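In: what follows is a protein structure lacking sequence information:
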């Protein structure tokens, strides 16, 4: 494609009208029928390539910017568009007993149905973000020959046991359940119990019901507020909020090694998908680490036509670069059933001057052009679904927007030229004046030191930013950093810029007065004025230090070595800034609290206060290993 394609306006519409047939039932191999809408361009000659969106969300309003404007976009460019509710959601039959229920076979069967239609040219591309992306991976593992291309955005929560990934699709961090994310998703959006239509319902009846009733959550229902998530035991948090049953009810009682996780259709180490894919995500997305590990897994398999693209921002931000103008009034009309806060977050941000939370990210547009992502996605489907010869075949395999630096291009993940560099926890006599425990130093430490704090599960260190699905993902951490149950270690102000791009690992040496406890680590960029922006966080539950398939309790006074390996970032620490890590034993409600008893935790109500210690020095070289990219 020419430079004019990228720098100019979006391509002119090829179709101005289309026909829509809604609430069709498409039958799967087991007899379950899925609610499906089909849109076909009217004023163009077929057959057409098809863009398929499979989603657990309301096909009329729940996708908002992510879907509605994108449906129009592809229809105008000469594509048929099929939007389908996954099984167990809305008018689709079947039950939603497990995450990604039926994703592999249902996706395959839907593609099979599409290519049998007279309007189909035999090629299907899939697209979507978050829960409209995750199902694409089990589907891709089936390798239907007509599944020609895919654009899964923020799809890391679909990733299972590929090499280096032990999070069960981001349900855990180091064995700690990610509480608020999954309570929000299951409690509001993906329940097992729901009203079910009679098997004999007709398309006409379903259309009438769809126009009159909503099967979305009741307006104002919020099971995932911090106050409600304080309820103990944690296995009952959804019940005490009055919500329907959901898979969360059983998952919170499992361990990461529970054999029943194998029934969840995560994409895993035995899968060999061959579908060309754009792995699109953002640095502050909760599943960005999982997505990079999946990309690396496919890279090691030499899977062709895989591209990794990571920009700045929170969950699904890239998908809020709509191909048409979306005003707050548009969002309110489309999202009428949502809360004021959710409506407020829907209008498209200005990617040319991106700010989210307390972080100013600069020009985050793809290729630095207006509507860069819509242009990329169109070019991708033009190539694979229409056979166009364009420059998506020549673009770098890895494209990363490094915050405070701009786009960095490469052919491998992690980037070639990145140097793992250790920063050690060391004492600093002046640290106490800054309310810090010590400092980070590139020099190997001498001597031995230790820093201790008290962790009370009834007064847990709060989460501030991070997590999922909020525009406030990057927040000034100073209110948390000042707490007595947080240890802070920072470098001196940097004399030169340091670009950290890739996976981050933390090695700690810890002890505790409790039988079991958690350790949470946060990577932070500290500005000259003291503003401290969170970049990534990770956690570890001590009972799993010998493996997730066993419980090893702690002995008072014993020192244990642990590794935290789930953080990923792309950030340039500017001169005058400081690199910081913060260590605590909770980040509530993002992480489930450890009650420190050594028991099941999920069924307990009486916590134990823990005195936790971080050891560092020559014999216990506690450190963070940063992947540094040369300037």
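Out: Now that the structure is in, tell me what you want to look at. For clarity, every value in this text was computed on a predicted model and none was experimentally measured. Numbers count the residues shown, from 1 in each chain.
In: give the helix, strand or coil label for residue 439.
Out: Counting by DSSP: H, G, I helix; E, B strand; the rest coil, the backbone at residue 439 sits in strand.
In: who touches it in this structure?
Out: 425-428, 431, 489-492 (CB atoms under 8 Å, 6 or more residues apart in numbering). For every residue, glycine as well, the C-beta is placed using N, CA and C.
In: and what of residue 374?
Out: For residue 374, the contact set (CB under 8 Å, 6+ apart) comprises 10, 73, 321-323.
In: can you redo these as a markdown table with distance to residue 153 and neighbour count?
Out: A markdown table is the format used below for those (distance: CB to CB, whole Å; neighbours: other CB atoms under 10 Å):
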| residue | distance to residue 153 | neighbour count |
| --- | --- | --- |
| 10 | 19 | 16 |
| 73 | 15 | 22 |
| 321 | 11 | 24 |
| 322 | 13 | 21 |
| 323 | 15 | 20 |
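In: circling back: looking at the contacts of residue 439, which has the most residues close by?
Out: residue 425 (30 neighbours; other CB atoms under 10 Å).
In: check what pLDDT that residue gets.
Out: With respect to pLDDT, residue 425 scores 98.
In: in what helix or strand does it lie?
Out: Per DSSP states H and E, residue 425 falls inside strand 419-426.
In: can you list the residues that contact that strand?
Out: Here strand 419-426 makes contact (CB under 8 Å, 6+ apart) with 438-445, 449, 489, 491, 579, 614, 616-617, 621-628, 630.
In: and if we set it to 7 Å?
Out: Strand 419-426 is touched from outside by 438-442, 444-445, 489, 491, 579, 614, 616, 621-628, with contacts defined as CB atoms under 7 Å, 6 or more residues apart in numbering.
In: ok, back up a step: quick one: which of the contacts of residue 374 sit in strands?
Out: Nothing among the contacts of residue 374 maps onto strands, per DSSP state E.
In: so, low pLDDT: which residues of the stretch 301-450 of the chain?
Out: Filtered on pLDDT under 70, the stretch 301-450 of the chain yields the residue ranges 322, 324-348.
In: if you set the cut-off to 90 instead, what comes out?
Out: Applying pLDDT under 90 to the stretch 301-450 of the chain picks out residues 316-352, 356, 429-435.
In: strands of that one, start to end?
Out: Using DSSP state E, counting those that start in this stretch, the strands of the stretch 301-450 of the chain run over 306-311, 354-356, 359-362, 398-402, 406-410, 419-426, 438-441, 448-455.
In: return the list of strands paired to the fourth one, each annotated with direction.
Out: This points to strand 398-402. Take DSSP bridges as the rule and strand 398-402 pairs in its sheet with strand 306-311 (parallel), strand 406-410 (antiparallel).
In: show me how far the first one is from its chain's centre.
Out: When distances are taken as CA atoms, centre = their mean, to the nearest Å, strand 306-311 is centred 14 Å away from the chain's centroid.
In: what's in contact with stretch 540-555?
Out: In contact with stretch 540-555 (CB under 7 Å, 6+ apart) are residues 166, 174-176, 255-257, 512, 514-519, 560, 562, 564, 594, 598.
In: now with 6 Å, please.
Out: Here stretch 540-555 makes contact (CB atoms under 6 Å, 6 or more residues apart in numbering) with 174-176, 256-257, 512, 515-519, 560, 562, 564, 598.
In: please, a ChimeraX command that selects the buried ones among these?
Out: Buried members of these, defined by 16 or more other CB atoms under 10 Å, are picked up in ChimeraX with:
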select :174,175,176,256,512,515,516,517,518,519,560,562,564,598
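In: leaving out sequence neighbours, find the closest residue to the residue nearest to the spatial centre of the chain.
Out: Nearest to the geometric centre of the chain sits residue 287, at 3.2 Å (CA atoms, centre = their mean). Counting by CB to CB, 6 or more residues apart in numbering, residue 156 is the residue found nearest to residue 287 once chain neighbours are left out, at 2.3 Å.
In: got any ranges where the stretch 101-250 of the chain has weak pLDDT?
Out: For the stretch 101-250 of the chain (pLDDT under 90), the answer is 131, 188-189, 194-195, 211-226, 239, 241-244.
In: now with 80?
Out: 216-220 (pLDDT under 80).
In: now the helices for it?
Out: 103-115, 136-141, 179-184, 203-212, 226-229, 237-240, 248-251 (DSSP state H, counting those that start in this stretch).
In: got the buried residues for stretch 235-251?
Out: Using 16+ other CB under 10 Å as the test for burial, stretch 235-251 gives 235, 237-238, 241, 243, 246-249, 251.
In: show the pLDDT at the residue lying closest to residue 477 once chain neighbours are set aside.
Out: Once flanking residues are discounted, residue 477 sits nearest to residue 532: 4.3 Å by CB to CB, 6+ apart. For residue 532, the pLDDT comes out at 98.
In: again with the one 3 residues further on
Out: According to the per-residue confidence, residue 535 scores 98 in pLDDT.
In: what about residue 77, how many residues nearby?
Out: 23.
In: for residue 272, same thing?
Out: Using other CB under 10 Å, residue 272 has 11 other residues around it.
In: can you check the pLDDT for it?
Out: pLDDT at residue 272 comes out at 97.
In: gap between it and residue 407?
Out: Counting by CB to CB, to the nearest Å, the separation of residue 272 from residue 407 is 31 Å.
In: quick check: residue 507 is in a strand.
Out: Yes. Checked against three-state DSSP, residue 507 lies within a strand.
In: correct me, but it touches residue 623?
Out: Yes. Counting by CB atoms under 6 Å, residue 623 is a contact partner of residue 507 at 5.3 Å.
In: looking at these two now, which is surrounded by more residues?
Out: With neighbours defined as other CB under 10 Å, residue 507 and residue 623 compare such that residue 623 has more, 24 against 19.
In: hmm, that one is touching residue 508, no?
Out: No. Counting by CB under 6 Å, residue 623 sits too far from residue 508 to count as a contact (8.7 Å).
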